[in-house]
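Q: need a structure here:
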Amino acid sequence: MSTRTALLAGTVLSLAAVSAWSWMASLAIGPAAPLHLSRNLASDYAQLAAAPTGNGAELFAVVAAIYALCLLVSGWRQRRGGA
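A: All right, here's what the predicted structure looks like:
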């Protein structure tokens with residue numbers, strides 16, 4: 001498994017995890033409140049990042065863990081001489 005394949009797998013798994021998480025959050029919490037964006041780019045980005053799940057930091061941690069595991073498996077397989 002090459003690095004490109006690991007990144008592609010991480011992207012697919014991350015999209016699946018975020019969509020499942022946001023779907024479960026919408027069932028548990030209800031529809032999200034409307035966003036009030038301003039011209040403060042950092043604040044606007046934080047609101048958009050947290051919108052699907054309600055917590056941007058946890059979402060970032062989950063996506064980072066998925067990519068790290070995919071790259072770890074890729075490196076482990078390359079070291080062993082696998083595809």
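Q: Enumerate the positions of the worst-scoring helix or strand of the chain on mean pLDDT that are buried.
A: In the chain, no helix or strand scores lower on mean pLDDT, DSSP states H and E than helix 41-50, which sits at a mean of 77. By neighbour count on 16 or more other Cβ atoms under 10 Å, the buried set for helix 41-50 is A50. Where C-beta positions appear, they are placed from N, C-alpha and C, glycine not excepted.
Q: Buried residues, the next helix or strand after that helix. List them.
A: Per DSSP states H and E, the first helix or strand lying C-terminal to helix 41-50 is helix 56-80. Within helix 56-80, the residues that qualify as buried are 56, 59, 62-63, 66-67, 70-71, 74, counting by 16+ other Cβ under 10 Å.
Q: so what secondary structure elements neighbour helix 56-80?
A: helix 3-29, helix 41-50 (3 or more Cβ pairs under 8 Å, 6 or more residues apart in numbering; DSSP states H and E).
Q: which helices and strands sit right next to the shortest one?
A: With contacts defined as 3+ Cβ pairs under 8 Å, 6+ apart, helix 41-50 has these neighbours: helix 56-80.
Q: SS state for P34?
A: coil (DSSP: H, G, I helix; E, B strand; the rest coil).
Q: Lowest-confidence entry in the buried residues of helix 56-80?
A: Scanning those for pLDDT, the low point is G56. It has 77.
Q: contacting residues around it?
A: 46, 49-50 (Cβ atoms under 8 Å, 6 or more residues apart in numbering).
Q: picking up where we left off before, mind telling me which of the helices and strands packed on helix 56-80 the model trusts least?
A: helix 41-50 (a mean of 77).
Q: Next, name the residue at the spatial heart of the chain.
A: V63 (3.3 Å; Cα atoms, centre = their mean).
Q: tally of neighbours for the closest residue to it other than its chain neighbours?
A: Among residues not flanking V63 along the chain, S14 sits closest, at 4.8 Å (Cβ to Cβ, 6 or more residues apart in numbering). A total of 18 residues lie near S14 under the criterion other Cβ atoms under 10 Å.
Q: who touches S14 in this structure?
A: Contacts of S14 by Cβ under 8 Å, 6+ apart are 62-63, 66-67.
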